[in-house]
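S.K.: generate a structure from the sequence data that follows.
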Amino acid sequence: MQQRSIPWLWLAIAIVLLLAPGPAGRLLIDVLGGLTLTVLLLPLVLAAVGWVGWKILQSRLKTCQVCGFSSVGGEVCPACGTPYATDGAGDSGVVEIDAREVIIDVQATEVGRGSSAKGTHGG
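M.R.: The predicted structure is shown next:
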């Protein structure tokens, strides 16, 4: 096996370019600075793109009001086959309920009249 020798010539040229105040040294420093900024900022840019993509995906998700399954697109729930609300109620999460189904009929009755009420008043 042949060992690779250290490229002393290339290292010397790089050191001279970095230390030299000429345009080639400035170009090398600018390129290295740009690469450093790219390496440091790339994760932040990718995180921002991922967050925006997630928000767009969330806005397109439809949730079934019967089984709670979330999916993108389609007119019926792929899990249970129930049609999605077409009036937009499924997108906002607000469910419209008929008022006749939720009205509670309350009848007032008097409580405490009788033998137990007389014992509390002492007489």
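S.K.: after the helix or strand of the chain with the lowest mean pLDDT, which helix or strand is next?
M.R.: When each helix and strand of the chain is scored by mean pLDDT, DSSP states H and E, helix 89-92 comes last, with a mean of 48. Downstream of helix 89-92, the first helix or strand assigned by DSSP states H and E is helix 99-102.
S.K.: max-length helix in the chain?
M.R.: Scanning the chain for the longest helix, with DSSP state H as the assignment, gives helix 23-60.
S.K.: got any ranges where the protein has weak pLDDT?
M.R.: 1-2, 21, 86-95, 113-123 (pLDDT under 70).
S.K.: how about 90 then?
M.R.: Applying pLDDT under 90 to the chain flags residues 1-33, 59-123.
S.K.: the nearest residue to Gly25 once chain neighbours are set aside and Trp8, how far apart?
M.R.: Leaving aside its chain neighbours, Gly25 sits nearest to Leu17 (4.6 Å; criterion: C-beta to C-beta, 6 or more residues apart in numbering). (Glycine included, C-beta is placed from N, CA and C.) Applying C-beta to C-beta, to the nearest Å, the value for Leu17 to Trp8 is 15 Å.
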